[in-house]
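Trainee: all I have is the shape, not the residue letters:
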């Protein structure tokens, strides 16, 4: 969720400005190349339309799905917590020399991410599996369904017309399962994949989505059919609780920001004024938001359980298995328990609101924190630094650091030097 804090800054971008930014990004990405055994990523034609669409896996296989990192934030709750253990002393396994933030990981270790002019699938050893010719542009990162299919919003290369945006569902072998054109822009806001195989795609204003300022659209991966859950609001972040309740940070065309809860069908359950940019859902109906000045815990029915002043700004969050929160700012990491009491705080590498840190936590409670100065820190449950690792130069590119944990004690790092690296034990 660390990228969500940047979404609202992108909302006012005009189509012309979006095109300029996109072309700049295209020029700086460089060619994607896997360095392991000199395998390289090459251009490929568009994969054919699949003759059959895979089925959503039964509930017993959800555990396998979550052993990967199927979406930004790891799971529908956006906890940034993996059920697997990460490497305690990471060593480099392979490198891809291209800026590919918000990469996701399948249960078999396959990595999916946007490259300069394509969506790419890399094997667990960093080898190219397939390419789909498109680009993220003003779309968003990919998300993996429990049946292994990938949902993603992108555009034809170099195109920033919202009417030409394309919502794709792609099989794990690179075939197109479904394709929907002209819905609008996400502008980097992360889609949400549910355990039932429903993909919730946020659309961020001011570009119109069926004559709406913004929207939340749900796509059934199995069929490719879509419907609107919310209209008229720019949706900056979305998460889902274990009961199926949807939570969203939204803004209307007058700049009024809110935090609201929706049923899975889109019925509004409650709404609160909230201008925070980070969203995370815990257990027992709890939800947390954080941002520049405050951190808020909500209970059932939207009741405010506690509120903390964060004058130094929260830029990333993760939820540990014991219910405590990890919160990162520009140069600090702290743990807060479920009642809002600070447990510990320590100084770490320097980041900024433009290039926020990334925080993930593994099954053992070890936190991995990547900062904009090119440092990765491993932090124990009690707030002690276990290891530090250089993952790039300070602001060597326009890339913000992002992290993901995968099966086999793997750690995937999109580093500040514009490279994607995977580490193992």
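Mentor: Cool, the structure landed. Model, not experiment: these values are computed from the prediction.

Trainee: for the nearest residue to residue 298 once chain neighbours are set aside, which residues make a bridge with it?
Mentor: Excluding the flanking residues, the one nearest residue 298 by C-beta to C-beta, 6 or more residues apart in numbering is residue 287, at 4.7 Å. C-beta: built from backbone N, CA, C; applies to glycine. Beta bridges link residue 287 to residue 281, residue 298, judged by DSSP bridges.

Trainee: wait, residue 287 touches residue 240, no?
Mentor: No - at 10.3 Å, residue 287 and residue 240 do not qualify as touching, with contact defined as C-beta atoms under 8 Å.

Trainee: now do the shared contacts for the two.
Mentor: Common contacts of residue 287 and residue 240 (C-beta atoms under 8 Å, 6 or more residues apart in numbering): 247, 281.

Trainee: ramachandran angles for residue 248?
Mentor: Main-chain torsions, residue 248, degrees, to the nearest 10: phi -140, psi 140.

Trainee: roughly how far apart are it and residue 94?
Mentor: 37 Å (C-beta to C-beta, to the nearest Å).

Trainee: contacting residues for residue 362?
Mentor: 81-82, 84-86, 368, 405.

Trainee: what do you get if the cut-off is 6 Å, keeping everything else the same?
Mentor: 82, 85-86, 405 (C-beta atoms under 6 Å, 6 or more residues apart in numbering).

Trainee: and if you look at residue 228?
Mentor: When contacts are counted by C-beta under 6 Å, 6+ apart, residue 228 is found next to 215, 217.

Trainee: repeat that for the one 3 residues further on.
Mentor: The neighbours of residue 231, taking C-beta under 6 Å, 6+ apart as the test, are 212, 215.

Trainee: bridge partners for it, pull those for me.
Mentor: Going by DSSP bridges, residue 231 forms beta bridges with residue 215.

Trainee: just the pLDDT at it, thanks.
Mentor: In this model, residue 231 is scored at 89, pLDDT.

Trainee: my read: the residue nearest to residue 298 touches residue 248, true?
Mentor: No - using C-beta atoms under 6 Å, residue 287 makes no contact with residue 248, being 10.3 Å away.

Trainee: how near is residue 385 to residue 90?
Mentor: From residue 385 across to residue 90, the span is 14 Å (C-beta to C-beta).

Trainee: neighbour-wise, which of these two wins?
Mentor: Comparing residue 385 with residue 90 by other C-beta atoms under 10 Å, the one with more neighbours is residue 90, at 22 against 15.

Trainee: any low-confidence regions in the stretch 301-425 of the chain?
Mentor: The stretch 301-425 of the chain contains residues with pLDDT under 70 at 353, 394-398.

Trainee: which residues touch residue 221?
Mentor: Contacts of residue 221 by C-beta under 6 Å, 6+ apart are 145, 149, 169, 197, 199.

Trainee: in a markdown table: those residues, plus neighbour count and distance to residue 102.
Mentor: Formatted as a markdown table, those follow (neighbours: other C-beta atoms under 10 Å; distance: C-beta to C-beta, whole Å):
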| residue | neighbour count | distance to residue 102 |
| --- | --- | --- |
| 145 | 29 | 17 |
| 149 | 27 | 18 |
| 169 | 26 | 18 |
| 197 | 22 | 20 |
| 199 | 26 | 15 |
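
Trainee: so how many other residues sit close to the residue nearest to residue 298?
Mentor: Other residues close to residue 287 by other C-beta under 10 Å number 23.

Trainee: the one 10 residues further on now?
Mentor: Residues within reach of residue 297, counting by other C-beta under 10 Å, total 21.

Trainee: and the residue lying closest to it once chain neighbours are set aside, how far is that from residue 158?
Mentor: Spatial nearest neighbour of residue 297, chain neighbours left out: residue 305 (4.3 Å); criterion: C-beta to C-beta, 6+ apart. Residue 305 sits 47 Å away from residue 158, going by C-beta to C-beta.

Trainee: the residue nearest to residue 297 touches residue 296, doesn't it?
Mentor: No - applying C-beta under 6 Å, one finds residue 305 not in contact with residue 296, separated by 8.4 Å.

Trainee: if I look at the most centrally placed residue in the chain, how far off is residue 190?
Mentor: Residue closest to the average C-alpha location in the chain (C-alpha atoms, centre = their mean): residue 72, at 2.2 Å. Using C-beta to C-beta, residue 72 is found at 4 Å from residue 190.

Trainee: what is the burial count for residue 389?
Mentor: 19.

Trainee: who's in contact with it?
Mentor: Going by C-beta under 6 Å, 6+ apart, the list of residues near residue 389 reads 90, 376.

Trainee: paired strands for the helix or strand containing it, with orientation please.
Mentor: In this structure, residue 389 is located in strand 385-390 according to DSSP states H and E. Note on strand 385-390: by DSSP bridges, its sheet partners are strand 375-379 (antiparallel).

Trainee: returning to what we had before: who has more neighbours out of residue 305 and residue 296?
Mentor: Taking other C-beta under 10 Å, residue 305 and residue 296 do not tie; residue 296 has more neighbours (20 against 15).

Trainee: would you agree that one is in contact with residue 306?
Mentor: No - counting by C-beta under 6 Å, residue 296 stays clear of residue 306, with 7.6 Å between them.

Trainee: just to revisit the earlier point, residues contacting the residue nearest to the centre of the chain?
Mentor: 102, 141, 190.
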